[in-house]
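Student: One predicted model, sequence on top.
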Amino acid sequence: MTVSDAVKRDAPQARPARPKMSWAWLGVVPFFLFTFLFLLYPSSTIVIRSFQDSITHSFTFQNIVTLLHSRYLMQSYWISIELSLITAIGGGIFGFLLAYAAIRGSLPRFMAASLMTFSGVASNFAGVPLAFAFIALLSPTGLLIGWMRALGYNPYFHGFTLYTFTGLAIVYMYFQFPLMVLVIAPAIEGMRREWLEASENLGASSFQYWRYVALPILGPALLGTMILLFGNAFGAFATAQALTGGQINLVTIVIGSELRGDVLGNAGVGYALSLGMVVIMALAIIGYTVLQRRTERWLR
Amino acid sequence: MNTKKFTFQIITLLLVATFVLSACGTPAPDVAEGYTGTVVKSVPQDLVDACKKENMLTIIATPPDWANYGEIFADFQLTTGVKINSLDPNAGSADELAAIEANKGNTGPQAPDIVDVGYAYGATGIAAGNYMPYRVTTWDKIPDTLLGIPAKDPNGFWTGGYYGVMAILVNTAVVQNVPQNWLDLLKPEYKGQVALSGPATTSNQAIQIIYASALANGGSLDNAQPGLDFFNQLNMAGNFVPVVAKVGTVAQGATPIVPFWDYLAFGYRDSFAGNPPVQVVYPSPTIASMYVQAISAYAPHPNCAKVWMEILHSDEGQLAWMKGYAHGVQQADMEARGVIPADLQAKLPASSSYASAVAPSPAQLDAALALIKAGWMTTVGVAQSTVTPAPTP
Amino acid sequence: MKRGGKVWAWFIMFLGVLYFFLPLLATFIFSLKARLGELSFQAYINIFNSPQFMYNFLASVMWAVLTIIVGILLLVPTAFVIRLRVPQARSSVEFITLLPFVIPPIVYVFGLVRTYSQPPLLFVNSPFLLIAGYTILSMPYMYRSVDTGLRSIDVRTLTEAAQSLGAGWGTILFKVILPNIRTAILSGAFLSFAIVIGELILAQYLVKPAFAPYMAYVMQQKAFEPAAMAIVSFALTWLAMGIIQMVGRGRGAAQVGGGH
């Protein structure tokens, strides 16, 4: 009737009329319930026991204090973070290249499918069997070393050894590359050919295509997957333990030595270390979320 | 679209059906598979009957190949007709006690009835209230002390069952000149060949290897630090390989020289059957370590646990361990009674070859374990080898 | 550009194949050495003679399939709701999905056992607890895959289009969204499958038949059989993935926002 009524009637609604909020949050309730029952509550021992003395079970800050004051324990965090970061970035880059080559590199079609299924298997080929595979390949009596020696060159004479930080990173890639491949593949498939063709038509070089079209679009997905790779490496320990016997003190190995095994460790410190891992992961997620928000701005 | 979904469902059903069918065809794995046992008549019949009613025995951290435990499993199953439920054969002693505590109210198959733990865990378990006392009928045949340390808890909370002596397993296909002693391992010809059998911060065996090496490096049962120094030297010389040695890595050649408990080393030698050829060497001095067994205070099947303990300390049980090259605690008594078969006696290594074995007291052991565990990372862990290992022929 | 791209792609694939293939080859050749001085399949014969191998492997396959189903049912609606309606929940959900990485498995398992071994919550003997545990462990991968998949399609448009045609939420989720993130779900399914097959600690402490504990146990006493088992389980898992992919691909080419 009035102008304002007409405006109200014809103007697009900012929100639909029905009360969406309560309904929508219902959608995430199953998730929170499931994870509360089967993850958060059973794992709450981490928080509780971090503040308990291992023997008397009385409340104490001593575990945290010991942790923060121990150069060795704090160093274990750095080593883990370093290894995880390197394998996340390195694994992310080559994994992305592999996936892109298979999906968009005009290769025979079966290669993409085979790469996906192989990656499925390889992504979890870790621990003792993986360590053993690389030992069988690169130890002084290994297959590849044998071939090289037959050709007259012994890498071990020139300072090569598998059992170092670098060697461990190389071995870690075996499950990092496939993880990247698997998770980024849908994003690559979502890159429409029309975008590439359109940018070519407009005269863009390959570099410009990537810089202004492809990477901004893939950015959030790439980041998200790299945080997954980071977490994957951060929580791993069986491979490192089998290969280097705890000589490289990753925080997961240190936790294992306090909580498990034949010789009693300081369980309270072990739990405090685990709590520290949770904190670091939280910080990583905050960092990633910030980066995400910024890259997502390019999308809209 | 619907046919694909249908196919997916069919395949899932097929997989499930395959599993169910194969599960019906194959009963749950028998831990005593491949071992022959006998009925142990010395076990009191009322215990056997009570055990039959309980109808299960849950053990933990006990692989059948460890000191020929498989034969003892077979003995138990034949004597009682009850199946053994074996948990987590790879667990360590701390894991065993943790499993007891985590399953306090649980009478299901996750709760262990019996534990077989390293010597230090006898006292630990008592302090934590994890054990139930029980005196076997052959209690008096178990010596009070063996090698200078108590072989049974006076209140019956734990009993020593067998002990091992630290020896060195050498893959002779890779190593031409077999090292005879700890200090030999430092020789340049063994570059990149010496490994530990477990992580040095969690494995009882690995830590005791280091402890044993201390004895040869100027240390004593009271002073384990020279062991850490020895391995540091080994590492700086490039002889130490940080790989956790397993049967596979010994055979592959990546870890051709590994100290093991003698019963394990001889067991591996027998199972290799020449592929690869190996030798077991007793270094001098060396260390002996007793393993103790106890009944869980919360055992869901206490009578079966008691039958088990009876079998362990019967002649059949002790002989089974001895066939596995372990040294049964009742060996002296059995020799006196002449119950050890001559062929078994001939198979065992002469006791003179490990005459230098010494056993630490509980206090010495605790101190050494703590010292080595704490000192490993800061002594050997941080130092990286910068010397290139020589190739193996 | 296509020509150049092709060469470059072949090169990358070649490097990849080399890197992945050589360690497997080394393991395979070692597994053939079970008999002294000759190459033979003795280790493989030993494995297949043992009924425990197939029993444990098939048990793990079954757990894996069930875990994938539970994971999809739980996480696809969750990720969908978050992308569409409740972005505020995203950070906390992502944090939770990444927690399984940083909680040491032994802590997690003991926590599960303690929580569910006392009445009235006596679930510790139930296979459902094992599946719930596996779902939690594979959650980071499944969620990330699904999320990536949802990013690459226009969820809002698809949903509104379906709604305007009168579709209910169930139809939208399972007949519109799900088919469009097929690749993503497959990725997540592959990862979950591999995780369950390789998972060691949960199955050990919940006393359920599974492959990884069996393999760890054999590794303690045998030299050549573990290498053979690694190869066989690798091959069998790859086969299973191939089957999943075959039935999962379905229409494959006809995807919104995809297109080869």
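Tutor: Yep, it's here.

Student: List the residues that contact the nearest residue to A:Ile227 once chain neighbours are set aside.
Tutor: Excluding its sequence neighbours, the residue lying closest to A:Ile227 (Cβ to Cβ, 6 or more residues apart in numbering or on different chains) is A:Tyr288, at 4.6 Å. The C-beta positions use only the backbone N, C-alpha and C, and glycine is treated the same way. Shown in contact with A:Tyr288 (Cβ atoms under 8 Å, 6 or more residues apart in numbering or on different chains): A:Leu223, A:Gly224, A:Ile227.

Student: can you tell me which helix or strand the first one belongs to?
Tutor: If I follow you right, that is A:Leu223. Applying DSSP states H and E as the criterion places A:Leu223 in helix A:215-234.

Student: since we're on the nearest residue to A:Ala242 once chain neighbours are set aside, how many residues are nearby?
Tutor: Closest residue in space to A:Ala242, ignoring its immediate chain neighbours: A:Ala131 at 3.7 Å, by Cβ to Cβ, 6+ apart. A:Ala131 has 26 neighbours, counted by other Cβ atoms under 10 Å in any protein chain shown.

Student: For A:Ala131, what is the enclosing helix or strand?
Tutor: helix A:128-138.

Student: next SSE after that helix?
Tutor: For helix A:128-138, the following helix or strand on the C-terminal side (DSSP H and E) is helix A:143-150.

Student: So the residue nearest to A:Ile227: helix, strand or coil?
Tutor: helix (DSSP: H, G, I helix; E, B strand; the rest coil).

Student: before we move on, the earlier item: okay but the residue nearest to A:Ala242 is in contact with A:Gly245, surely?
Tutor: No: with contact defined as Cβ atoms under 8 Å, A:Ala131 does not reach A:Gly245; the gap is 10.3 Å.

Student: Quick one, grab the pLDDT at the residue of the stretch 151-300 of chain A found nearest chain C.
Tutor: Per Cβ to the nearest Cβ, A:Gly190 is where the stretch 151-300 of chain A lies closest to chain C, at 2.8 Å. According to the prediction, A:Gly190 has pLDDT 81.

Student: do A:Leu273 as well
Tutor: Looking at A:Leu273, its pLDDT reads 88.

Student: One more: A:Glu296?
Tutor: In this model, A:Glu296 is scored at 69, pLDDT.

Student: and if you look at A:Arg15?
Tutor: A:Arg15 is assigned a predicted lDDT (pLDDT) of 52.

Student: does stretch B:92-109 come close to chain C?
Tutor: Yes: between stretch B:92-109 and chain C, judged by Cβ under 8 Å from any Cβ of the partner chain, the touching residues are B:Asp95, B:Ala98, B:Ala99, B:Ala102, B:Asn103, B:Gly105, B:Asn106, B:Gly108, B:Pro109.

Student: The fourth one reaches C:Arg114, doesn't it?
Tutor: Yes: checked against Cβ under 8 Å, the pair B:Ala102 and C:Arg114 is within contact range at 5.4 Å.

Student: Return the set of buried residues in stretch B:70-83.
Tutor: Under the neighbour-count criterion of 16 or more other Cβ atoms under 10 Å in any protein chain shown, stretch B:70-83 has B:Gly70, B:Glu71, B:Ile72, B:Phe73, B:Ala74, B:Asp75, B:Phe76, B:Gln77, B:Thr79, B:Thr80, B:Val82, B:Lys83 buried.

Student: Could you tell me how many residues sit around the closest residue to A:Ala267 other than its chain neighbours?
Tutor: Take A:Ala267 and drop its neighbours on the chain: the residue closest to it by Cβ to Cβ, 6+ apart is A:Ser54, 4.2 Å away. Neighbour count of A:Ser54, defined by other Cβ under 10 Å: 19.

Student: now swap in A:Thr252 and tell me
Tutor: 25.

Student: Equivalent analysis for B:Ser220, please.
Tutor: B:Ser220 has 13 neighbours, counted by other Cβ under 10 Å.

Student: So for the chain, which residue is the most central one in space?
Tutor: Answering for chain A, as no chain was given. A:Leu229 (1.9 Å; Cα atoms, centre = their mean).

Student: you looked at the wrong chain, it should be chain C
Tutor: With distances taken as Cα atoms, centre = their mean, the residue of chain C nearest its centroid is C:Ser192 (1.8 Å).

Student: ok, now how distant is that residue from C:Thr237?
Tutor: Distance of C:Ser192 to C:Thr237, computed by Cβ to Cβ, to the nearest Å: 12 Å.

Student: Need the overlap of contacts for the two.
Tutor: Listed contacts common to C:Ser192 and C:Thr237 are nil; contacts here mean Cβ under 8 Å, 6+ apart.

Student: thinking again about what came up before, could you confirm the residue nearest to A:Ala267 falls within a helix?
Tutor: No: counting by three-state DSSP, A:Ser54 is located in no helix; its state is coil.

Student: For chain C, see how far away it is.
Tutor: Between A:Ser54 and chain C the distance is 14 Å, computed by Cβ to the nearest Cβ, to the nearest Å.
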